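>>> the sequence isn't on hand, but the structure is:
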C-alpha cells in the first residue's frame, strides 16, 4: 500500500511539473519569437519610462478582480448555508483556482482543483461544485456579452487578419454557454444526447468511455443542482451575474492603465476596454495554458494602433505582466503555503496525495 501511495505521489508531482514546464517553455518561446529582432535597450527603456502610479493602479484593479470573485464565491456558499467561510479563505480558493487554470490547457484544471481544496476545508462536495459552476456560468455570460457588444460598438478594432479568429473564439464560447443552458435547464435532453454521443465513441473503440460517461453524468447532476439554485434563489443569481460583470470589467480596464502609464491620450477608455474585451474572447477558448503565446501575439495586433510601433512591445509585457504573470506568481506562492499548512495540519500527506491524484486526472 505504501509503495502504491509513493508511486501516486511521484505521478502527481510529475504531472504538475510537466504542466509547469510546458507553461514556462511556452513563455520563453513566445517572448523569444516576438522580440528576437527587437532592440532590447529600447524595450527596457519603454518599460522603465512607464508611470508607476498607473502600473500600481492596474495591479490594484486585478486585485479587485480576484476579490470580486472571492466575494462571489463566499456569497454563494453563505446562501447555501456555509456561513463560516471568511473572505480570506475564499480568496485562497480563488488564487488556487487561478493558478491551476493558468497552467492547464483551456483553463481546464482550475475548477476541479478549486472544488477539491474547498472540500478539504469541510465544504460539502456538491456545494463546492455548485459554487464553482455558478461562478463559471456568470463569467462566461459576462465575457461573451462584453466581447460581442464591444465588437458591435467598436468594429474598427478587428482587422482582416483577426476577424476569423474572433469569430472562432466567439462561436466556441457561445457553444459552451449554450451547453451550460441545456445542461442546467434541459437535463433530460442533454442526457439523451450524451448517451448517443458516448455510444458512438464506444463503437469507435475509444478507451475508458465507461468511466468518462460516469464522470459526465456526475457533472450533469451538478448542473441540475444549478437549476434548482437558480429557481429558488433568483435574486441571488442576478447578483452573482452582476458581480461577474463587475469582476470582468476590472480585468478589461487594466490595459487602459498601461496606456495612460505611457503618457498616451489618443484613445479613450471605452476604445481600450473594447480592445481587451475582443482580445479575451478571441483567445480564451484556445487549448493553451493561460493562452500563452496567442494572447501576446494578438495583443500586438489589436493594441498596436493605439500604442504605436515604438511602445507596443514594452506595453504588451506590462499589460500581460499585470493582468496575468504577476498573479500567477502570487497564486503559486498561495498554493505552496497552503500545501505546507495542509501537510502540517494533517500530519501525514498520504491521503492528501491520493485524493489530489484523482482530481489531477480530471484535468488531463
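Thanks, I have it. Given the structure is predicted, the values throughout are model-derived calculations rather than measurements. Residues are numbered from 1 along each chain as shown.
>>> what about the closest residue to residue 91 other than its chain neighbours, how many residues close to it?
Nearest non-adjacent residue to residue 91, counting by C-beta to C-beta, 6 or more residues apart in numbering: residue 70, 4.3 Å away. (Glycine included, C-beta is placed from N, CA and C.) Neighbour count for residue 70, taken as other C-beta atoms under 10 Å: 22.
>>> numbering from 26 from now on, please.
Yes, from this point I'll number from 26; that puts the last item at residue 95.
>>> from the chain's centroid, how far away is the host helix or strand of residue 95?
Per DSSP states H and E, residue 95 falls inside helix 77-104. Distance, stretch centre to chain centre, for helix 77-104: 14 Å (C-alpha atoms, centre = their mean, to the nearest Å).
>>> name the residues of that helix that come out as buried.
Residues of helix 77-104 classed as buried by neighbour count (16 or more other C-beta atoms under 10 Å): 79-80, 82-84, 86-87, 89-102, 104.
>>> show me what it is packed up against.
Contacts defined by 3 or more C-beta pairs under 8 Å, 6 or more residues apart in numbering; DSSP states H and E place helix 77-104 against helix 112-128, helix 150-178, helix 259-286, helix 319-345, helix 351-371.
>>> on that earlier part again, so what's the residue nearest to residue 116 up against?
By C-beta atoms under 8 Å, 6 or more residues apart in numbering, the contact list for residue 95 reads 112, 115, 116, 118, 119.
>>> how many residues are close by the fourth one?
Burial measure for residue 118: 27 neighbouring residues, criterion other C-beta under 10 Å.
>>> wait, it sits on residue 140?
No. Assessed by C-beta atoms under 8 Å, residue 118 is found out of contact with residue 140, at 9.0 Å.
>>> now do the one helix or strand residue 202 maps to, average pLDDT.
Using DSSP H and E, residue 202 falls within helix 188-210. Taken as a whole, helix 188-210 has a mean pLDDT of 81.
>>> and it, which residues are buried?
190, 191, 194, 195, 198, 202, 205, 208, 209.
>>> if we ignore the residues flanking it in sequence, what's nearest residue 296?
Residue 296 sits nearest to residue 179 (C-beta to C-beta, 6+ apart), 6.1 Å away.
>>> err, residue 324, not the other one
residue 341 (4.8 Å).
>>> next: residue 169.
Excluding the flanking residues, the one nearest residue 169 by C-beta to C-beta, 6+ apart is residue 198, at 5.1 Å.
>>> over to residue 201?
Using C-beta to C-beta, 6+ apart, the nearest residue to residue 201 is residue 165, at 6.4 Å.
>>> residue 144 touches residue 153, doesn't it?
Yes. Counting by C-beta under 8 Å, residue 153 is a contact partner of residue 144 at 5.5 Å.
>>> which of these two has more neighbours?
residue 153 (26 against 17).
>>> and the more buried one, how far is that from residue 91?
Distance from residue 153 to residue 91, counting by C-beta to C-beta, to the nearest Å: 18 Å.
>>> then residue 354?
Between residue 354 and residue 91 the distance is 13 Å, computed by C-beta to C-beta.
>>> do residue 190 as well
Distance, residue 190 to residue 91, by C-beta to C-beta: 28 Å.
>>> ok, now residue 306?
20 Å.
>>> nearest spatial neighbour of residue 157, skipping sequence neighbours?
In space, residue 157 is closest to residue 136, 4.7 Å off (C-beta to C-beta, 6+ apart).
>>> residue 80 now?
Using C-beta to C-beta, 6+ apart, the closest residue to residue 80 is residue 286 (5.6 Å).
>>> residue contacts, that neighbour?
For residue 286, the contacting residues are 75, 76, 77, 78, 79, 80, 83, 343, by C-beta under 8 Å, 6+ apart.
>>> from residue 324, how far off is it?
Residue 286 sits 15 Å away from residue 324, going by C-beta to C-beta.
>>> burial count for residue 69?
12.
>>> who touches it in this structure?
The contact partners of residue 69, taken as C-beta under 8 Å, 6+ apart, are residue 339.
>>> repeat that for the one 10 residues further on.
Residue 79 is in contact with 282, 283, 285, 286, counting by C-beta under 8 Å, 6+ apart.
>>> redo those residues as JSON lines? Include distance to residue 299 and pLDDT.
Below are these laid out as JSON lines (distance: C-beta to C-beta, whole Å; pLDDT from 0 to 100):
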{"residue": "282", "distance to residue 299": "15", "pLDDT": "96"}
{"residue": "283", "distance to residue 299": "15", "pLDDT": "95"}
{"residue": "285", "distance to residue 299": "16", "pLDDT": "95"}
{"residue": "286", "distance to residue 299": "19", "pLDDT": "94"}
